[in-house]
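Q: fold the following.
(one chain, ligands or ions: 1)
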Amino acid sequence: MSQLDKLWGGRFQEPTDKFVEAFTASVSFDQRLYRHDIQGSVAHARMLQSVGVLTEAECLSIVKGLQEILAEIEAGSFEWRQDLEDVHMNIESRLTSRIGDAGKRLHTGRSRNDQVATDIRLYLRDAVDRLMLQLRQLMEGLINLAELEADTIMPGFTHLQTAQPITLGHHLLAWFEMLMRDLERFIDLRRRINRMPLGAAALAGTSYPIDRALTASLLGFEAVCENSLDAVSDRDFAIEFAAASSLVMMHLSRFSEELVLWSSAQFGFVDLPDRFCTGSSIMPQKKNPDVPELVRGKTGRVYGHLMSLLTLMKSQPLAYNKDNQEDKEPIFDTIDTLAGCLRAFADMIPHLKPQRQRMRQAALQGYATATDLADYLVRKNIPFRDAHEIVGKAVRYGVDQGWDLSVMSLDQLRQFSPVIEQDVFEVLTLEGSVALRKHRGGTAPERVRQAVKEARDRLRGI
Ligand code: ARG
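A: Sure, this is the predicted structure:
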């Protein structure tokens, strides 16, 4: 292509260096924006017609041309050219070759700077909507499983040591709460994505009598960006997206870590469906939890994208700089990674097979009801610190004998305190322990069933 063929070739006397052309081109990755680029151009053309900058015939021909280009791209017959640098110039140049001079008028009152900022916001808005649906699907799966496992007793951990008995339903609802906050963050940041840069042109706005409100409403933007310099330059909405995505990944990674532990032979708390695992080429007994491991592993790349985007912005003077072309790959990969991980989890969770007996056995092993015994003594008027001491001795005895508190006889327990009576067994059992914690936020089966209902309503309500 001769230099004069470049859409901006007018002031140039020598062709772009071939390496520089390849180095500065973004079409290999920004072609993903084609649908939103066309959507933005159609709205811009309609607005230009409505304010009298384009004739009706010009506008019709532009819109039709763009629709044909959309079909070409989707059919795979569009030829993407690196010498045309990016998605915007590829499409505009094709438009002009299809419809002639009217195509050259599309860019009136617009710059690639406000165009690309618009495209990326439209793209991200759609992506966030899809991700939120996936998140909701996973959350529903968690609620359903929590309902089924409201009575399932397992050890709760602190420091990964058995702490107190809890119900699996309650544990699963903890994951629901984390994802609920993630969902709220997406809903919130979507509002800030949903502002329209078009009209800012290169940086200073345009001298044409544009109607930004019209373009914004055609594109479903909630409002326009209020300052043209800010509109073309900031990518804070993308940073927010990467930050919210990093938090989702952090949560999924913790969740993954538990699934990896829980599905091991040592824990044996859950069985992952075979189709989410792989075997070993050498060790025939192996069933590896690859999916959660990979989700845990992919967390790092999303954190990396957050760092890339923050660093990309931090030293840019106003307004647009070419640096911003580097926003796309981190954004796209964050979307793809999150979509994949959410899909894996949403598919996997409804098919988890909790091993109720194993969980119960484990809860019986770590003196999980020691706190309940102390609380029992306090109810018999023993100061908590003394109660703590008494139970500590009873546990010590249990460790020496190899017995859990709940299997000791009344006489054995009474060695440690004469106030202990037959009713102690109501709190020393696992069921007794969890049933008492029936306050809001507690682990009792009765409360979990209530929380499940509320979770369903809350999810529907946002
Ligand atoms: N490909 C560019 C980007 O992604 C489009 C905007 C280019 N603007 C410019 N003045 N060179 O940011």
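Q: for Leu95, give me its contacts.
A: The contact partners of Leu95, taken as Cβ atoms under 8 Å, 6 or more residues apart in numbering, are Ile62, Gly65, Leu66, Ile69, Gly103, Leu106. Any C-beta I mention is one placed from the backbone N, CA and C, and that applies to glycine too.
Q: check what contacts the helix or strand containing the third one and list those residues.
A: Taking DSSP states H and E as the definition, one finds Leu66 inside helix 56-75. By Cβ under 8 Å, 6+ apart, the list of residues contacting helix 56-75 from outside reads 31, 34-35, 38, 41-42, 45-46, 48-49, 54, 78, 91, 94-95, 98-99, 102-103, 105-106.
Q: how about the residues of the chain near the ligand?
A: Within the chain, the positions near the ligand by Cβ under 6 Å from any ligand atom are Ser26, Asp30, Asp86, Arg112, Asn113, Val116, Tyr320, Lys322, Asn324, Gln325.
Q: now, the most widely separated pair of these?
A: Greatest spatial distance in the residues of the chain next to the ligand: Asp30 and Tyr320, 15.0 Å, computed using Cβ to Cβ.
Q: before we move on, back to that, give the PyMOL command for selecting the buried subset of the contacts of helix 56-75.
A: Burial among the contacts of helix 56-75 is assessed by 16 or more other Cβ atoms under 10 Å; the matching PyMOL selection reads:
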select buried, resi 31+34+38+41+42+45+46+48+49+54+78+91+94+95+98+99+102+103+105+106
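Q: so where's the stretch 151-300 of the chain uncertain?
A: By pLDDT under 70, the stretch 151-300 of the chain contains no weakly predicted segment.
Q: show me where it has strands.
A: Here the stretch 151-300 of the chain has its strands, by DSSP state E, counting those that start in this stretch, at 153-158, 161-167, 195-196, 223-224, 270-271.
Q: dump those into TSV; add distance to Arg356 and mean neighbour count as well.
A: Formatted as TSV, the entries for the strands of the stretch 151-300 of the chain read as follows, by distance: least, Cβ to Cβ, whole Å; neighbours: other Cβ atoms under 10 Å:
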stretch	distance to Arg356	mean neighbour count
strand 153-158	8	20
strand 161-167	11	21
strand 195-196	51	23
strand 223-224	53	15
strand 270-271	10	18
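Q: now for these, which one comes closest to Met307?
A: Each of these has some distance to Met307 by Cβ to Cβ; the shortest is strand 195-196, at 24.7 Å.
Q: could I get the buried residue list for stretch 124-131?
A: By 16+ other Cβ under 10 Å, the buried positions in stretch 124-131 come out as Leu124, Arg125, Ala127, Val128, Leu131.
Q: CA atoms only for that stretch, dumped as CSV, please.
A: Only the C-alpha atoms of stretch 124-131 are listed here, as CSV (Å, rounded to 0.1, in the frame of the first residue of the first chain):
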residue,chain,number,x,y,z
LEU,A,124,-17.0,-4.3,28.3
ARG,A,125,-20.6,-3.5,29.2
ASP,A,126,-21.8,-6.6,27.2
ALA,A,127,-19.0,-8.7,28.8
VAL,A,128,-19.9,-7.6,32.3
ASP,A,129,-23.6,-8.5,31.6
ARG,A,130,-22.6,-12.0,30.5
LEU,A,131,-20.3,-12.5,33.4
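Q: quick one: which of the strands of the stretch 151-300 of the chain is nearest Ile143?
A: Counting by Cβ to Cβ, Ile143 lies closest to strand 161-167 out of those; the figure is 14.2 Å.
Q: okay, now the sheet partners of the closest one, with direction.
A: If you go by DSSP bridges, strand 161-167 pairs up with strand 153-158 (antiparallel).
Q: distance between the strand it pairs with and the chain's centre?
A: Between the centre of strand 153-158 and the centre of its chain there are 27 Å (Cα atoms, centre = their mean, to the nearest Å).
Q: now what about that strand, what contacts it?
A: By Cβ under 8 Å, 6+ apart, strand 153-158 touches 162-168, 171, 269, 359-360, 362-363, 365-366, 368, 430-431, 434, 443.
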